[in-house]
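next one to model:
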Amino acid sequence: MSNHLPTRPMLRVLAVASSLLLAAPLAAQGPVATTYRSAADRIIAAAQADSAAYNRLADMVDRFGNRLSGSASLEHAIDWIITEMRGDGLANVRGEPVMVPVWVRGEESAELIEPRRLSLPMLGLGGSIATPPEGITAEVLVVGSFDDLAAHANEARGKIVLFDVPFTSYGQTVRYRVDGAVAAARVGAVASLIRSVTPNSQRSPHTGVMAYADSVRRIPHAALTLEDAMMLHRMQDRGERIVVRLTMGAQTLPDRESRNVMGDLVGRERPDEVVVMGGHIDSWDVGQGAMDDGGGVVVAWEAVRLLKRLGLTPRRTIRVVGWVNEENGGRGGEGYFTAHQDAVDQHVLAIESDGGVFSPEGFGFRGSDSAFAIIRQIGTLLEPIGAGSITRGGGGSDIAPLMRAGVPGMGLNVDGTRYFWYHHSYGDTVDKLDPQEMARCVAAMAIMAYVVADLPGGLPRD
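As a prediction, the model looks like this:
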(Lines give C-alpha, C1' and ligand atoms only; values in the text may rest on other atoms or scores of the structure.)
Protein backbone atom coordinates (compact mmCIF):
# COMPACT_ATOMS: atom_id res chain seq x y z
CA MET A 1 0.00 0.00 0.00
CA SER A 2 1.41 3.41 -0.95
CA ASN A 3 1.87 6.06 1.71
CA HIS A 4 1.46 8.88 -0.84
CA LEU A 5 -1.81 10.88 -0.72
CA PRO A 6 -3.42 11.65 -4.09
CA THR A 7 -2.98 15.13 -5.47
CA ARG A 8 -5.93 17.39 -6.34
CA PRO A 9 -5.62 16.61 -10.08
CA MET A 10 -5.59 12.91 -9.22
CA LEU A 11 -8.73 13.36 -7.08
CA ARG A 12 -10.49 15.05 -9.99
CA VAL A 13 -9.56 12.17 -12.29
CA LEU A 14 -10.76 9.62 -9.74
CA ALA A 15 -14.04 11.49 -9.28
CA VAL A 16 -14.67 11.59 -13.03
CA ALA A 17 -13.79 7.91 -13.38
CA SER A 18 -16.09 7.02 -10.50
CA SER A 19 -19.00 8.95 -12.00
CA LEU A 20 -18.47 7.25 -15.34
CA LEU A 21 -18.52 3.83 -13.71
CA LEU A 22 -21.73 4.63 -11.85
CA ALA A 23 -23.31 5.85 -15.07
CA ALA A 24 -22.06 2.92 -17.14
CA PRO A 25 -25.50 1.51 -17.98
CA LEU A 26 -26.45 4.90 -19.45
CA ALA A 27 -23.12 5.80 -20.98
CA ALA A 28 -24.12 4.70 -24.45
CA GLN A 29 -27.24 6.85 -24.25
CA GLY A 30 -25.61 10.05 -23.09
CA PRO A 31 -27.46 12.43 -20.74
CA VAL A 32 -30.92 11.63 -22.09
CA ALA A 33 -32.79 14.54 -20.56
CA THR A 34 -30.21 17.08 -21.71
CA THR A 35 -29.96 15.64 -25.20
CA TYR A 36 -33.71 15.62 -25.84
CA ARG A 37 -34.93 18.58 -23.80
CA SER A 38 -35.21 20.92 -26.77
CA ALA A 39 -37.14 18.39 -28.87
CA ALA A 40 -39.44 17.59 -25.95
CA ASP A 41 -40.22 21.24 -25.37
CA ARG A 42 -41.05 21.66 -29.07
CA ILE A 43 -43.38 18.66 -28.92
CA ILE A 44 -45.15 19.94 -25.81
CA ALA A 45 -45.65 23.40 -27.30
CA ALA A 46 -46.94 22.06 -30.61
CA ALA A 47 -49.26 19.49 -29.02
CA GLN A 48 -50.87 22.12 -26.80
CA ALA A 49 -51.22 24.70 -29.54
CA ASP A 50 -54.52 23.29 -30.80
CA SER A 51 -57.21 20.68 -30.21
CA ALA A 52 -56.30 18.48 -33.16
CA ALA A 53 -56.55 15.16 -31.30
CA TYR A 54 -59.91 15.97 -29.73
CA ASN A 55 -61.30 17.23 -33.04
CA ARG A 56 -60.17 14.13 -34.91
CA LEU A 57 -61.64 11.83 -32.27
CA ALA A 58 -64.93 13.75 -32.32
CA ASP A 59 -65.01 13.49 -36.11
CA MET A 60 -64.46 9.73 -35.97
CA VAL A 61 -66.96 8.85 -33.25
CA ASP A 62 -69.63 11.23 -34.54
CA ARG A 63 -69.31 9.66 -38.01
CA PHE A 64 -69.22 6.01 -37.02
CA GLY A 65 -70.41 5.72 -33.43
CA ASN A 66 -69.61 2.59 -31.47
CA ARG A 67 -67.56 -0.16 -33.14
CA LEU A 68 -68.19 -3.67 -31.85
CA SER A 69 -66.13 -6.41 -33.53
CA GLY A 70 -67.93 -7.73 -36.58
CA SER A 71 -69.97 -4.56 -37.10
CA ALA A 72 -70.20 -2.47 -40.25
CA SER A 73 -69.44 0.67 -38.22
CA LEU A 74 -66.06 -0.76 -37.18
CA GLU A 75 -65.10 -1.59 -40.75
CA HIS A 76 -66.19 1.82 -42.02
CA ALA A 77 -64.13 3.48 -39.26
CA ILE A 78 -61.06 1.43 -40.24
CA ASP A 79 -61.50 2.42 -43.89
CA TRP A 80 -61.68 6.07 -42.83
CA ILE A 81 -58.56 5.80 -40.66
CA ILE A 82 -56.60 4.30 -43.54
CA THR A 83 -57.62 7.18 -45.81
CA GLU A 84 -56.81 9.79 -43.14
CA MET A 85 -53.43 8.25 -42.25
CA ARG A 86 -52.44 8.28 -45.89
CA GLY A 87 -53.53 11.91 -46.08
CA ASP A 88 -51.24 12.61 -43.11
CA GLY A 89 -48.31 11.22 -45.09
CA LEU A 90 -47.69 8.17 -42.88
CA ALA A 91 -45.88 5.29 -44.54
CA ASN A 92 -46.95 1.66 -44.93
CA VAL A 93 -50.54 2.45 -44.02
CA ARG A 94 -52.54 -0.76 -44.06
CA GLY A 95 -55.09 -3.01 -42.48
CA GLU A 96 -53.76 -6.42 -41.46
CA PRO A 97 -56.48 -9.13 -41.52
CA VAL A 98 -57.69 -10.64 -38.23
CA MET A 99 -60.63 -13.01 -37.75
CA VAL A 100 -62.89 -11.73 -34.95
CA PRO A 101 -65.89 -13.11 -33.04
CA VAL A 102 -69.31 -11.66 -33.78
CA TRP A 103 -71.82 -11.16 -30.97
CA VAL A 104 -75.05 -9.29 -31.74
CA ARG A 105 -77.10 -7.85 -28.88
CA GLY A 106 -80.56 -7.98 -30.42
CA GLU A 107 -83.70 -6.67 -28.74
CA GLU A 108 -83.60 -6.88 -24.96
CA SER A 109 -85.46 -5.68 -21.90
CA ALA A 110 -85.98 -6.27 -18.20
CA GLU A 111 -89.21 -5.54 -16.35
CA LEU A 112 -90.03 -5.70 -12.68
CA ILE A 113 -93.39 -7.52 -12.33
CA GLU A 114 -93.69 -7.77 -8.54
CA PRO A 115 -93.98 -6.08 -6.12
CA ARG A 116 -94.78 -3.36 -8.68
CA ARG A 117 -94.40 -2.83 -12.43
CA LEU A 118 -91.30 -0.99 -13.55
CA SER A 119 -89.10 -1.03 -16.65
CA LEU A 120 -85.50 -1.73 -15.62
CA PRO A 121 -82.72 -0.27 -17.81
CA MET A 122 -80.37 -3.17 -18.65
CA LEU A 123 -77.60 -4.30 -20.97
CA GLY A 124 -76.90 -7.89 -21.95
CA LEU A 125 -73.32 -8.90 -21.26
CA GLY A 126 -71.09 -9.65 -24.22
CA GLY A 127 -71.22 -13.30 -25.22
CA SER A 128 -74.47 -14.07 -23.38
CA ILE A 129 -77.00 -16.43 -24.89
CA ALA A 130 -80.57 -15.32 -25.56
CA THR A 131 -83.64 -16.04 -23.51
CA PRO A 132 -86.52 -17.89 -25.13
CA PRO A 133 -88.54 -15.51 -27.37
CA GLU A 134 -91.15 -15.01 -24.64
CA GLY A 135 -88.43 -14.20 -22.12
CA ILE A 136 -87.80 -15.64 -18.68
CA THR A 137 -90.16 -14.63 -15.88
CA ALA A 138 -88.95 -15.76 -12.49
CA GLU A 139 -88.52 -14.83 -8.87
CA VAL A 140 -85.27 -13.03 -8.03
CA LEU A 141 -82.72 -14.00 -5.39
CA VAL A 142 -80.41 -11.10 -4.51
CA VAL A 143 -76.95 -11.95 -3.15
CA GLY A 144 -73.98 -9.80 -2.19
CA SER A 145 -71.11 -12.09 -3.15
CA PHE A 146 -70.18 -15.55 -4.39
CA ASP A 147 -69.99 -16.66 -0.76
CA ASP A 148 -73.47 -15.27 -0.13
CA LEU A 149 -74.75 -17.25 -3.12
CA ALA A 150 -73.15 -20.42 -1.76
CA ALA A 151 -74.83 -19.82 1.60
CA HIS A 152 -78.24 -19.53 -0.13
CA ALA A 153 -77.69 -22.15 -2.83
CA ASN A 154 -80.78 -24.12 -1.79
CA GLU A 155 -82.93 -21.04 -2.55
CA ALA A 156 -81.58 -20.37 -6.05
CA ARG A 157 -83.05 -23.18 -8.16
CA GLY A 158 -85.48 -21.87 -10.76
CA LYS A 159 -84.76 -18.23 -9.88
CA ILE A 160 -82.93 -15.32 -11.44
CA VAL A 161 -79.85 -14.60 -9.31
CA LEU A 162 -78.88 -10.93 -8.96
CA PHE A 163 -75.36 -10.13 -7.73
CA ASP A 164 -75.64 -6.77 -5.96
CA VAL A 165 -71.91 -6.20 -5.40
CA PRO A 166 -70.66 -2.63 -4.71
CA PHE A 167 -67.71 -1.42 -6.77
CA THR A 168 -64.42 -1.63 -4.90
CA SER A 169 -61.87 -1.95 -7.69
CA TYR A 170 -62.36 -3.04 -11.26
CA GLY A 171 -60.21 -6.13 -10.79
CA GLN A 172 -62.25 -7.27 -7.80
CA THR A 173 -65.75 -6.37 -8.93
CA VAL A 174 -65.51 -7.45 -12.58
CA ARG A 175 -65.37 -11.10 -11.45
CA TYR A 176 -69.15 -11.02 -11.05
CA ARG A 177 -69.60 -9.85 -14.62
CA VAL A 178 -67.22 -12.47 -16.02
CA ASP A 179 -68.07 -15.47 -13.82
CA GLY A 180 -71.53 -14.69 -12.46
CA ALA A 181 -73.47 -16.78 -14.98
CA VAL A 182 -71.40 -19.87 -14.23
CA ALA A 183 -71.80 -19.47 -10.46
CA ALA A 184 -75.55 -18.91 -10.76
CA ALA A 185 -76.08 -21.84 -13.13
CA ARG A 186 -74.23 -24.18 -10.78
CA VAL A 187 -76.91 -23.68 -8.15
CA GLY A 188 -79.79 -24.06 -10.62
CA ALA A 189 -80.60 -20.46 -11.54
CA VAL A 190 -82.41 -19.83 -14.84
CA ALA A 191 -80.68 -16.49 -15.50
CA SER A 192 -78.25 -14.14 -13.79
CA LEU A 193 -78.02 -10.39 -13.36
CA ILE A 194 -75.30 -8.14 -11.95
CA ARG A 195 -75.13 -4.68 -10.51
CA SER A 196 -73.19 -2.78 -13.19
CA VAL A 197 -69.44 -2.56 -12.61
CA THR A 198 -69.22 1.15 -11.82
CA PRO A 199 -68.81 3.37 -8.75
CA ASN A 200 -71.18 6.03 -10.08
CA SER A 201 -74.45 5.96 -12.00
CA GLN A 202 -77.35 8.00 -13.27
CA ARG A 203 -79.43 4.86 -13.73
CA SER A 204 -77.05 3.83 -16.50
CA PRO A 205 -76.22 0.13 -17.12
CA HIS A 206 -72.71 -0.96 -18.13
CA THR A 207 -71.90 -3.89 -20.40
CA GLY A 208 -68.71 -5.93 -20.88
CA VAL A 209 -67.52 -9.43 -21.64
CA MET A 210 -68.67 -12.50 -19.71
CA ALA A 211 -67.69 -16.17 -19.82
CA TYR A 212 -69.22 -19.61 -19.74
CA ALA A 213 -67.78 -22.96 -18.64
CA ASP A 214 -68.27 -26.06 -20.77
CA SER A 215 -69.18 -28.11 -17.71
CA VAL A 216 -72.07 -25.85 -16.66
CA ARG A 217 -75.39 -25.11 -18.40
CA ARG A 218 -75.43 -21.72 -20.11
CA ILE A 219 -77.92 -19.16 -18.84
CA PRO A 220 -78.61 -15.55 -19.96
CA HIS A 221 -76.52 -12.92 -18.19
CA ALA A 222 -77.18 -9.15 -18.06
CA ALA A 223 -76.44 -5.98 -16.10
CA LEU A 224 -78.86 -3.73 -14.25
CA THR A 225 -78.16 -0.24 -12.98
CA LEU A 226 -76.56 0.40 -9.63
CA GLU A 227 -79.76 2.09 -8.43
CA ASP A 228 -82.11 -0.73 -9.44
CA ALA A 229 -79.88 -3.49 -8.05
CA MET A 230 -79.84 -1.69 -4.70
CA MET A 231 -83.63 -1.20 -4.84
CA LEU A 232 -84.26 -4.91 -5.47
CA HIS A 233 -81.93 -5.74 -2.60
CA ARG A 234 -83.89 -3.46 -0.27
CA MET A 235 -87.14 -5.08 -1.38
CA GLN A 236 -85.74 -8.52 -0.55
CA ASP A 237 -84.52 -7.30 2.84
CA ARG A 238 -88.11 -6.18 3.58
CA GLY A 239 -89.35 -9.68 2.77
CA GLU A 240 -91.09 -8.72 -0.47
CA ARG A 241 -91.43 -11.21 -3.34
CA ILE A 242 -89.50 -9.97 -6.39
CA VAL A 243 -90.39 -11.16 -9.90
CA VAL A 244 -88.61 -9.99 -13.06
CA ARG A 245 -89.20 -10.73 -16.74
CA LEU A 246 -85.90 -10.82 -18.69
CA THR A 247 -85.95 -10.86 -22.51
CA MET A 248 -82.77 -11.06 -24.60
CA GLY A 249 -82.33 -11.68 -28.33
CA ALA A 250 -78.54 -12.06 -28.34
CA GLN A 251 -76.80 -14.12 -31.02
CA THR A 252 -73.27 -15.35 -31.61
CA LEU A 253 -72.60 -15.52 -35.36
CA PRO A 254 -69.67 -17.06 -37.28
CA ASP A 255 -66.32 -15.25 -37.09
CA ARG A 256 -65.70 -12.47 -39.62
CA GLU A 257 -62.58 -10.90 -41.03
CA SER A 258 -61.60 -7.51 -39.62
CA ARG A 259 -58.29 -5.66 -39.46
CA ASN A 260 -55.64 -4.14 -37.26
CA VAL A 261 -55.05 -0.70 -38.74
CA MET A 262 -51.59 0.89 -38.72
CA GLY A 263 -49.14 3.37 -40.22
CA ASP A 264 -45.45 4.16 -39.78
CA LEU A 265 -43.09 7.07 -39.30
CA VAL A 266 -40.10 5.33 -40.88
CA GLY A 267 -36.81 5.59 -39.01
CA ARG A 268 -33.91 7.38 -40.64
CA GLU A 269 -31.16 4.89 -39.72
CA ARG A 270 -32.69 1.64 -38.48
CA PRO A 271 -36.11 1.44 -40.14
CA ASP A 272 -36.55 -2.26 -39.34
CA GLU A 273 -36.41 -1.59 -35.60
CA VAL A 274 -39.80 -0.50 -34.26
CA VAL A 275 -41.42 1.31 -31.36
CA VAL A 276 -45.09 0.31 -31.61
CA MET A 277 -47.85 2.20 -29.82
CA GLY A 278 -51.59 2.62 -29.91
CA GLY A 279 -54.90 1.50 -28.48
CA HIS A 280 -57.86 -0.60 -29.60
CA ILE A 281 -60.17 0.63 -32.33
CA ASP A 282 -63.12 -1.63 -31.43
CA SER A 283 -65.56 -0.72 -28.68
CA TRP A 284 -68.72 -2.02 -27.09
CA ASP A 285 -71.98 -1.40 -28.94
CA VAL A 286 -73.20 1.41 -26.67
CA GLY A 287 -72.11 5.03 -26.47
CA GLN A 288 -69.42 6.16 -28.90
CA GLY A 289 -66.38 4.25 -27.67
CA ALA A 290 -64.65 7.63 -27.37
CA MET A 291 -62.94 7.15 -24.02
CA ASP A 292 -62.58 3.37 -24.41
CA ASP A 293 -60.67 3.36 -26.61
CA GLY A 294 -61.02 5.62 -29.64
CA GLY A 295 -59.08 8.24 -27.71
CA GLY A 296 -56.18 5.84 -27.12
CA VAL A 297 -55.86 5.21 -30.85
CA VAL A 298 -56.17 8.88 -31.75
CA VAL A 299 -53.59 10.23 -29.28
CA ALA A 300 -51.01 7.73 -30.56
CA TRP A 301 -51.90 8.56 -34.15
CA GLU A 302 -51.73 12.29 -33.47
CA ALA A 303 -48.37 11.83 -31.70
CA VAL A 304 -46.88 10.28 -34.85
CA ARG A 305 -48.48 12.90 -37.09
CA LEU A 306 -47.10 15.64 -34.85
CA LEU A 307 -43.56 14.24 -34.99
CA LYS A 308 -43.77 14.13 -38.77
CA ARG A 309 -45.03 17.71 -38.95
CA LEU A 310 -42.18 18.88 -36.70
CA GLY A 311 -39.60 17.07 -38.82
CA LEU A 312 -38.55 14.89 -35.88
CA THR A 313 -37.65 11.61 -37.55
CA PRO A 314 -36.00 9.22 -35.07
CA ARG A 315 -33.39 6.58 -35.83
CA ARG A 316 -35.99 3.80 -35.60
CA THR A 317 -39.52 3.47 -36.92
CA ILE A 318 -42.50 4.48 -34.81
CA ARG A 319 -45.65 2.54 -35.68
CA VAL A 320 -49.14 3.53 -34.57
CA VAL A 321 -51.65 0.67 -34.35
CA GLY A 322 -55.38 0.50 -33.79
CA TRP A 323 -55.75 -3.06 -32.53
CA VAL A 324 -59.07 -4.79 -33.12
CA ASN A 325 -61.25 -6.97 -30.87
CA GLU A 326 -59.71 -6.07 -27.52
CA GLU A 327 -63.11 -5.90 -25.87
CA ASN A 328 -64.48 -9.38 -26.51
CA GLY A 329 -61.67 -11.60 -27.70
CA GLY A 330 -58.20 -10.09 -27.81
CA ARG A 331 -57.73 -11.29 -31.37
CA GLY A 332 -56.05 -8.08 -32.53
CA GLY A 333 -53.11 -8.28 -30.15
CA GLU A 334 -52.60 -11.97 -30.88
CA GLY A 335 -52.98 -11.33 -34.62
CA TYR A 336 -50.38 -8.58 -34.59
CA PHE A 337 -47.93 -10.84 -32.77
CA THR A 338 -48.51 -13.67 -35.24
CA ALA A 339 -48.08 -11.40 -38.25
CA HIS A 340 -44.85 -9.89 -36.84
CA GLN A 341 -43.39 -12.77 -34.83
CA ASP A 342 -40.35 -13.00 -37.09
CA ALA A 343 -39.57 -9.38 -36.19
CA VAL A 344 -40.28 -9.51 -32.46
CA ASP A 345 -36.61 -9.04 -31.63
CA GLN A 346 -36.71 -5.81 -33.65
CA HIS A 347 -39.55 -4.38 -31.55
CA VAL A 348 -37.69 -2.24 -29.04
CA LEU A 349 -40.73 -1.02 -27.08
CA ALA A 350 -44.53 -1.42 -27.07
CA ILE A 351 -46.75 1.33 -25.61
CA GLU A 352 -50.49 1.05 -25.00
CA SER A 353 -53.09 3.67 -24.10
CA ASP A 354 -56.28 2.02 -22.86
CA GLY A 355 -57.24 3.80 -19.66
CA GLY A 356 -58.97 6.84 -21.10
CA VAL A 357 -57.21 9.96 -22.32
CA PHE A 358 -57.73 12.11 -19.27
CA SER A 359 -54.95 14.20 -17.69
CA PRO A 360 -51.71 12.20 -18.13
CA GLU A 361 -49.66 11.35 -15.05
CA GLY A 362 -46.87 9.22 -16.54
CA PHE A 363 -46.21 5.64 -17.58
CA GLY A 364 -46.03 2.21 -16.02
CA PHE A 365 -43.13 0.18 -17.41
CA ARG A 366 -42.19 -3.49 -17.59
CA GLY A 367 -38.63 -4.26 -18.61
CA SER A 368 -35.09 -4.54 -17.36
CA ASP A 369 -33.64 -2.40 -14.57
CA SER A 370 -31.26 -0.70 -16.99
CA ALA A 371 -34.14 0.11 -19.36
CA PHE A 372 -36.23 1.39 -16.43
CA ALA A 373 -33.43 3.78 -15.49
CA ILE A 374 -33.49 5.22 -19.00
CA ILE A 375 -37.29 5.50 -19.06
CA ARG A 376 -37.15 7.40 -15.77
CA GLN A 377 -34.74 9.89 -17.37
CA ILE A 378 -37.20 10.35 -20.25
CA GLY A 379 -39.91 10.87 -17.65
CA THR A 380 -38.19 14.07 -16.49
CA LEU A 381 -38.95 15.52 -19.93
CA LEU A 382 -42.66 15.08 -19.21
CA GLU A 383 -42.64 16.96 -15.91
CA PRO A 384 -43.79 20.27 -17.49
CA ILE A 385 -47.11 18.61 -18.35
CA GLY A 386 -47.43 16.72 -15.05
CA ALA A 387 -46.71 13.34 -16.65
CA GLY A 388 -43.28 12.58 -15.23
CA SER A 389 -44.19 9.70 -12.91
CA ILE A 390 -42.56 6.46 -14.11
CA THR A 391 -43.57 3.40 -12.14
CA ARG A 392 -42.94 -0.32 -12.27
CA GLY A 393 -45.70 -2.40 -13.83
CA GLY A 394 -47.71 -1.50 -16.87
CA GLY A 395 -48.57 -2.51 -20.39
CA GLY A 396 -51.93 -3.62 -21.71
CA SER A 397 -53.85 -6.52 -23.16
CA ASP A 398 -53.08 -5.72 -26.81
CA ILE A 399 -49.32 -5.62 -26.27
CA ALA A 400 -49.32 -8.56 -23.85
CA PRO A 401 -48.27 -11.09 -26.53
CA LEU A 402 -45.25 -8.93 -27.42
CA MET A 403 -44.36 -8.51 -23.76
CA ARG A 404 -44.55 -12.25 -23.16
CA ALA A 405 -41.97 -12.61 -25.93
CA GLY A 406 -39.60 -10.24 -24.13
CA VAL A 407 -40.45 -6.86 -25.66
CA PRO A 408 -40.40 -4.07 -23.01
CA GLY A 409 -43.89 -2.68 -22.53
CA MET A 410 -45.56 0.31 -20.99
CA GLY A 411 -48.98 1.83 -20.48
CA LEU A 412 -49.99 5.47 -20.35
CA ASN A 413 -51.22 6.34 -16.83
CA VAL A 414 -53.87 9.04 -16.51
CA ASP A 415 -56.13 10.48 -13.85
CA GLY A 416 -58.70 7.69 -13.90
CA THR A 417 -61.08 9.23 -11.35
CA ARG A 418 -64.00 9.28 -13.79
CA TYR A 419 -63.05 6.40 -16.08
CA PHE A 420 -65.35 3.75 -14.65
CA TRP A 421 -68.23 6.21 -14.45
CA TYR A 422 -68.61 5.88 -18.24
CA HIS A 423 -66.78 2.63 -19.02
CA HIS A 424 -68.80 0.28 -21.32
CA SER A 425 -71.91 2.44 -21.09
CA TYR A 426 -74.01 4.82 -23.16
CA GLY A 427 -72.12 7.59 -21.35
CA ASP A 428 -68.83 6.89 -23.16
CA THR A 429 -69.10 9.85 -25.52
CA VAL A 430 -66.53 12.38 -26.63
CA ASP A 431 -67.90 15.21 -24.48
CA LYS A 432 -66.54 13.41 -21.39
CA LEU A 433 -63.01 14.19 -22.58
CA ASP A 434 -61.12 17.48 -22.45
CA PRO A 435 -59.20 18.81 -25.49
CA GLN A 436 -56.24 20.06 -23.45
CA GLU A 437 -55.95 16.86 -21.45
CA MET A 438 -55.91 14.93 -24.71
CA ALA A 439 -53.24 17.28 -26.05
CA ARG A 440 -51.03 16.51 -23.06
CA CYS A 441 -51.55 12.79 -23.69
CA VAL A 442 -50.37 13.35 -27.26
CA ALA A 443 -47.26 15.12 -25.98
CA ALA A 444 -46.49 12.34 -23.48
CA MET A 445 -46.87 9.59 -26.07
CA ALA A 446 -44.89 11.51 -28.69
CA ILE A 447 -41.95 12.29 -26.40
CA MET A 448 -41.70 8.78 -24.99
CA ALA A 449 -41.89 7.12 -28.40
CA TYR A 450 -39.55 9.59 -30.09
CA VAL A 451 -36.78 9.46 -27.50
CA VAL A 452 -36.78 5.67 -27.23
CA ALA A 453 -36.85 5.34 -31.00
CA ASP A 454 -33.92 7.75 -31.30
CA LEU A 455 -31.60 6.47 -28.54
CA PRO A 456 -28.24 5.63 -30.16
CA GLY A 457 -27.82 2.45 -28.13
CA GLY A 458 -31.47 1.43 -28.03
CA LEU A 459 -33.39 0.23 -24.99
CA PRO A 460 -31.61 -2.68 -23.24
CA ARG A 461 -33.61 -5.86 -22.55
CA ASP A 462 -31.13 -7.11 -19.95
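
run a quick neighbour tally on His152.
Neighbour count for His152, taken as other CB atoms under 10 Å: 15. Glycine gets a C-beta too; all of them are placed from N, C-alpha and C.

in contact with it, which residues?
Residues counted as contacts of His152 (CB atoms under 8 Å, 6 or more residues apart in numbering) are 141, 143.

could you do Met210 as well?
125-128, 177-181, 221.

swap the cut-off to 10 Å and go again
Listed by CB atoms under 10 Å, 6 or more residues apart in numbering, the contact set of Met210 reads 124-128, 174, 176-182, 192, 194, 221-223, 328.

do Gly311 as well
Going by CB under 10 Å, 6+ apart, Gly311 touches Arg42.

cool, Val143 as well?
Val143 neighbours (CB under 10 Å, 6+ apart): 149-153, 155-156, 161-165, 176, 180, 183-184, 187, 233, 236.

got it, and Tyr450?
Applying CB under 10 Å, 6+ apart to Tyr450 gives the contacts 36, 39-40, 43, 265, 275, 303-304, 306-307, 310, 312-314, 316, 318, 378, 381.

tell me the secondary structure at it.
Classification of Tyr450 by DSSP: H, G, I helix; E, B strand; the rest coil places it in helix.

ok, now Ala222?
Of the three states, Ala222 takes strand under three-state DSSP.

hey, what's it bridged with?
Ala222 has the following beta-bridge partners by DSSP bridges: Gly124, Leu193.

just give the number of residues close to Asp255.
For Asp255, the count of nearby residues is 15 (other CB under 10 Å).

same thing with Ser51?
The number of residues near Ser51, taken as other CB under 10 Å, comes to 15.

who touches the residue nearest to it when sequence neighbours are not counted in this structure?
Leaving out its chain neighbours, the residue that sits closest to Ser51 by CB to CB, 6 or more residues apart in numbering is Pro435, at 3.8 Å. Residues in contact with Pro435 (CB under 10 Å, 6+ apart) are 48, 50-55, 57-58.

swap in 8 Å and give it another go.
Pro435 sits next to 51, 53-55 when contact means CB under 8 Å, 6+ apart.

try Val266
Taking CB under 8 Å, 6+ apart, one finds 91-92, 313, 317 in contact with Val266.

rerun at 6 Å
By CB atoms under 6 Å, 6 or more residues apart in numbering, the contact list for Val266 reads 91, 317.

now it: how far from Val442?
Going from Val266 to Val442 by CB to CB, to the nearest Å gives 20 Å.

these two touch, right, Val276 and Arg319?
Yes: the pair Val276 / Arg319 is scored as a contact, 4.6 Å apart, by CB atoms under 6 Å.

and Thr313, helix, strand or coil?
At Thr313 the chain is in coil, as set by three-state DSSP.

and it, how many neighbours?
Counted with other CB under 10 Å, Thr313 comes out at 18.

was I right about it contacting Arg270?
No: taking CB under 6 Å as the definition, Thr313 is not a contact partner of Arg270, at 11.7 Å.

all strands for the stretch 1-150 of the chain, in order.
Applying DSSP state E, counting those that start in this stretch to the stretch 1-150 of the chain gives strands spanning 91-104, 108-114, 118-120, 122-124, 136-143.

can I take it that Thr317 is in a helix?
No: under the criterion used here (three-state DSSP), Thr317 is strand, not part of a helix.

which SS class is the closest residue to it other than its chain neighbours?
Nearest-residue entry for Thr317: Gly267, 4.3 Å, with adjacent residues in sequence omitted and distances by CB to CB, 6+ apart. Classification of Gly267 using three-state DSSP returns coil.

same deal with the one 4 residues further on?
Going by three-state DSSP, the secondary structure assigned to Pro271 is strand.

for the one 3 residues further on, same thing?
Counting by three-state DSSP, the backbone at Val274 sits in strand.

what pLDDT does the model give it?
pLDDT recorded at Val274 is 98.

shouldn't it be in contact with His347?
Yes: using CB under 6 Å, Val274 is in contact with His347, at 5.2 Å.

tell me how many other residues surround Arg376.
So Arg376, with other CB under 10 Å, has 18 neighbours.

any idea how far Ala153 is from it?
51 Å.

what do you get for Asp50?
Note on Asp50: its distance to Ala153, by CB to CB, is 59 Å.

compare neighbour counts for these two and give me the winner.
For Asp50 versus Ala153, neighbours defined as other CB under 10 Å are more numerous around Ala153 (16 against 11).
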